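Trainee: build me a model from this:
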Amino acid sequence: MVVGTSIAQLFSPFITYFPIWLIFAFFIGGFEGAATTNTNYKIAEDFRKNGEPEEVRAFAMSCGAFGNFLGDVLGGVIAVVLQRYSETHLRVSVGE
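Mentor: Numbers count the residues shown, from 1 in each chain. Just a heads-up that it's a prediction; the model follows:
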């Protein structure tokens with residue numbers, strides 16, 4: 001949602017009030033944080049129910065956290081690329 005809104009904003013700005021973007025970021029961060037926490041809790045619970053050793057559970061959870069980190073890095077790289085592209089290829093329209 002945020003990525004789609006941001007791309008649309010590049011070509012036809014419709015949200016010019018910066019605090020709205022902060023509200024978007026706050027709510028999306030809250031939803032993503034709750035989803036990640038609940039998912040990790042459920043995965044850990046399933047490992048325990050299946051009788052897996054704690055080492056296996058801990059390794060699986062750390063791999064999941066590493067994947068989440070890599071996703072955040074990739075998202076950040078895409079954001080920087082889009083910003084650079086828009087700065088170099090989109091013209092600024094003042095007063096239109």
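Trainee: remind me what the helix ranked longest in the chain packs against, helices and strands.
Mentor: Secondary structure of the chain per DSSP state H: the longest helix is helix 54-89. Counting contacts by 3 or more Cβ pairs under 8 Å, 6 or more residues apart in numbering; DSSP states H and E, helix 54-89 packs against helix 2-11, helix 18-49. No exception for glycine: its C-beta is placed from N, CA and C like everyone else's.
Trainee: where among the ones you listed is average confidence lowest?
Mentor: Across these, helix 2-11 has the smallest mean pLDDT, namely a mean of 70.
Trainee: tell me how far the longest helix of the chain lies from the chain's centre.
Mentor: Chain-centre distance of helix 54-89: 8 Å, with Cα atoms, centre = their mean, to the nearest Å.
Trainee: show me what counts as buried in it.
Mentor: Arg57, Ala60 (16 or more other Cβ atoms under 10 Å).
Trainee: angle of it against helix 18-49?
Mentor: Angle between the axes of helix 54-89 and helix 18-49 is 160 degrees (criterion: axes from the mean of the first three to the mean of the last three Cα atoms, to 10 degrees).
Trainee: ok, now how distant is Thr39 from Val56?
Mentor: Counting by Cβ to Cβ, to the nearest Å, the gap from Thr39 to Val56 is 18 Å.
Trainee: that should have said Thr36, apologies.
Mentor: 20 Å.
Trainee: Val80 now?
Mentor: Distance of Val80 to Val56, given as Cβ to Cβ: 37 Å.
Trainee: how many neighbouring residues does Thr36 have?
Mentor: Counted with other Cβ atoms under 10 Å, the neighbours of Thr36 add up to 13.
Trainee: that one is in contact with Phe69, isn't it?
Mentor: No. Using Cβ atoms under 8 Å, Thr36 is not in contact with Phe69; the gap is 11.3 Å.
Trainee: what's the pLDDT at the residue nearest to the spatial centre of the chain?
Mentor: By Cα atoms, centre = their mean, the chain has its centre lying nearest to Asp72, at 5.7 Å. Note on Asp72: pLDDT of 82.
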